[in-house]
Structures are given as C-alpha cells and as structure tokens.
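**Q** Here is a sequence with its predicted model. Questions after.
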Amino acid sequence: MQEERFKELEHTADIAILVRGETLAELFANAAYGMACQLTDVEGVPTSMEREIALHADDVEMLLVDWLSELLFLGEKENAVFHDFEMQHVGVKELRAVARGGRIKEHQAHIKAVTFSQMDLRQTGGVYETPIVFDV
C-alpha cells in the first residue's frame, strides 16, 4: 500500500488529507507521514532525531488525533519534522512507536491542531481509511 500513503483533499480553509492503510499501524504511520509532507519537503529532512512515543486513549480516533498531536508538539518544541515511523504496536486504545526525523529550516505550512472534523475511521474491503483535517 506504500504507493498511495495519503491523498490531499480540497478544503476551504484548512488542510485535509485522506489516509489509508492495510493495518491500523500502517494507517497511523501514513497519517503521520502525510502530516509531515504538509509541513515541509520531507526528502531533505534527516532522520537524526529519534523519539519513543507511548499513548493511551479512549478509542481509535482519539488515539489517532493524540498521535498526530504529539508529533506536532515534538516538532514545534524541537523545530523538527518527524517522517519515518516504526510502529511497534497499534491497537484501538494504545500505541507504541518510534518516530524519526530532523530539524528543518522552514515550514511550508504551519499546522495549529489536528481536528476531529470529518474524521471517520472505518475499514472497507480490508483497508482502513479516514479523512484528517488540520487546523492551519
């Protein structure tokens, strides 16, 4: 499923992407990669920084928002973008992963928050999919 990790969607004021994955772990990694691609050109970003992330949430959609929000927070704090992910465990209420990335010189966009707007994580035909809207 690597050929289409995410697709940009039309949105009037914010940034929106459609994310797919054959597993929850792949969907979460693809969502994070899609967000990183909105922030900067990830091709030039090293993977010199590594952060372990462990999260618990009430449901899978909350977990996805918390995951992306944590990556945004770490990126803001360290002036970095994380774009390479080792998803060690992703369940419907918990996640353990390693995020790798590096410092960047400039952002293409500034994402203020990950929203629940339009989020509808479902599995269809063996593939997980959801739109994700970022507040800019």
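**A** Everything's here; your move.

**Q** Measure how far the host helix or strand of residue 98 is from the centre of its chain, please.
**A** If you go by DSSP states H and E, residue 98 is part of strand 94-103. With CA atoms, centre = their mean, to the nearest Å as the basis, strand 94-103 stands 10 Å off its chain's centre.

**Q** So for that strand, what gets flagged as buried?
**A** 95, 97, 99-102 (16 or more other CB atoms under 10 Å). The way it works is simple: take the backbone N, C-alpha and C, and place the C-beta from them, glycine included.

**Q** Just give me the closest of those to residue 121.
**A** residue 95 (13.6 Å; CB to CB).

**Q** Pretty sure that closest one sits against residue 55.
**A** Yes: using CB atoms under 8 Å, residue 95 makes contact with residue 55 at a distance of 4.8 Å.

**Q** Spatially central residue (nearest the centroid) of this protein, please.
**A** residue 32 (1.9 Å; CA atoms, centre = their mean).

**Q** What helix or strand is that one located in?
**A** Assigned by DSSP H and E, residue 32 falls in helix 24-39.

**Q** distance of residue 92 from residue 63?
**A** As for residue 92, its distance to residue 63 is 7 Å (criterion: CB to CB, to the nearest Å).

**Q** So which elements touch the strand holding residue 98?
**A** helix 24-39, strand 49-56, helix 60-78, strand 80-90 (3 or more CB pairs under 8 Å, 6 or more residues apart in numbering; DSSP states H and E).

**Q** Can you give the contact residues for the very next helix or strand once past it?
**A** Where DSSP H and E defines the elements, the next helix or strand beyond strand 94-103 is strand 113-114. Identification of contacts with strand 113-114 by CB atoms under 8 Å, 6 or more residues apart in numbering yields 35, 65, 68-69, 72, 132, 134-135.

**Q** Export the helix or strand of the chain with the lowest mean pLDDT to PDB, keeping only CA atoms.
**A** None of the helices or strands of the chain scores lower by mean pLDDT, DSSP states H and E than strand 6-9, at a mean of 82. These are the backbone C-alpha positions of strand 6-9, laid out as PDB (Å, rounded to 0.1, in the frame of the first residue of the first chain):
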ATOM      1  CA  PHE A   6      -2.100   9.700   1.600                       C
ATOM      2  CA  LYS A   7      -4.000  11.900  -0.800                       C
ATOM      3  CA  GLU A   8      -4.600  15.700  -0.400                       C
ATOM      4  CA  LEU A   9      -8.300  16.700  -0.300                       C
END
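
**Q** Appreciated, that's everything.
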